[in-house]
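In: When you get a sec, could you give me coordinates for this:
(one chain, ligands or ions: 2)
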Amino acid sequence: MNANRKHLSAMSLAALALAASAGLARADAIMGAPVFAPPGLSTATIEFRGSSAGYTGELYFLGWGTEDDILHHAENTRHNNLGQWLFNNHSSAVGAQAVLDGMFDSGAVLHFAYEIIHPRNRRDLFRTDREADANNFAWDSATGSFAVEDLRRDYKHYDGDFNDAIFTINFQRVPAPGSLALLSLSGIVLARRRKR
Ligand SMILES: [Ca+2]
Ligand SMILES: [Ca+2]
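Out: Numbers count the residues shown, from 1 in each chain. Ligands and ions are numbered 1, 2, ... in the order given. Below is the predicted model of the structure:
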């Protein structure tokens, strides 16, 4: 019991510390956690929620697949092979939304890139499909909060505040063709019954 309590309080302290440093609404954002699509087929929207960062960066949707591989690439909108351009942390309006390019199977992992474009001497690119970069992203599957840290951990000024660009990803379930067919079938059966 005591051991359990200690374990729990240590866990919640760690979660609170992460939440405090991230400025996130909830305490369960996890660094490096893959952005999984929910059960069933879904589409997704992403909203820009704000930024507290000196560097200017841009978020892209690379596409989706497994944790390590992109099997379906989002359409390139900027001719840089980074897929769908979404937001700039300094020029996009807070509350701006975009629909992610694609429909996602149950358990698909969505991949993103964050490119530092200013200052020039700090140009960098973080990708969720690259193991070395995964911990620059934090994902909270309960709230949809998706946060970016724009400094590498080994950089002397690393702050780990995870508020350099903050987004919310919302999934919308697409009705399965099977359930639609069932619905229309039951409609036909009902119609037939009414005719009798
Ligand atoms: Ca910051
Ligand atoms: Ca930071």
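In: and this structure, which of its residues are near ligand 1?
Out: Remark: the part of the chain in contact with ligand 1 comprises S52, A53, D161, N163, D164, using Cβ under 5 Å from the ion. For glycine as for every other residue, the C-beta is placed from the backbone atoms N, C-alpha and C.
In: want to throw those residues into TSV with secondary structure and pLDDT?
Out: Putting the residues of the chain next to ligand 1 into TSV (DSSP: H, G, I helix; E, B strand; the rest coil; pLDDT from 0 to 100) gives the following:
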residue	secondary structure	pLDDT
S52	coil	98
A53	coil	98
D161	coil	96
N163	coil	97
D164	coil	98
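In: May I ask which of these has the most neighbours?
Out: Neighbour counts for the residues of the chain next to ligand 1 peak at D164, which has 22 neighbours (criterion: other Cβ atoms under 10 Å).
In: hang on, the earlier thing: out of the residues of the chain next to ligand 1, who's nearest F112?
Out: Checking the residues of the chain next to ligand 1 against F112 with Cβ to Cβ, the nearest one is D164 at 13.5 Å.
In: my guess is the closest one contacts V148, does it?
Out: Yes - D164 lies in contact with V148 (Cβ atoms under 8 Å); the separation is 5.3 Å.
In: For the two, list the residues in contact with both.
Out: Common neighbours of D164 and V148, using Cβ atoms under 8 Å, 6 or more residues apart in numbering, are G57, N89.
In: Would you map the helices across this structure?
Out: Taking DSSP state H as the test, the helices found in the chain are 2-22, 177-195.
In: least reliable of those helices going by mean pLDDT?
Out: For the helices of the chain, the weakest mean pLDDT is recorded on helix 2-22, namely a mean of 45.
In: for the nearest residue to F167 once chain neighbours are set aside, what are its contacts?
Out: With Cβ to Cβ, 6 or more residues apart in numbering as the criterion, F167 has its nearest non-adjacent residue at 4.6 Å, and that residue is F146. Contacts for F146 (Cβ under 8 Å, 6+ apart) come out as V35, I46, F112, F137, A138, W139, D140, I166, F167, T168, I169.
In: Could you do I169 as well?
Out: Counting by Cβ under 8 Å, 6+ apart, I169 makes contact with V35, A44, T45, I46, L100, L110, G144, F146.
In: of those, buried ones?
Out: Of all the contacts of I169 considered here, the ones buried according to neighbour count by 16 or more other Cβ atoms under 10 Å are V35, A44, I46, L100, L110, G144, F146.
In: ok, those vs ligand 1, which is closest?
Out: Minimum separation from ligand 1 among these (Cβ to the ion) is found for F146, which lies at 15.2 Å.
In: Quickly list what that closest one is bridged to.
Out: With beta bridges defined as DSSP bridges, F146 has these partners: W139, F167.
In: What pLDDT is listed against it?
Out: The model reports F146 with a pLDDT of 98.
In: A176 too?
Out: Listed pLDDT for A176 reads 74.
In: which residues in the chain form strands?
Out: 30-31, 35-36, 41-50, 56-65, 70-73, 84-88, 97-99, 109-118, 124-127, 137-140, 145-148, 165-174 (DSSP state E).
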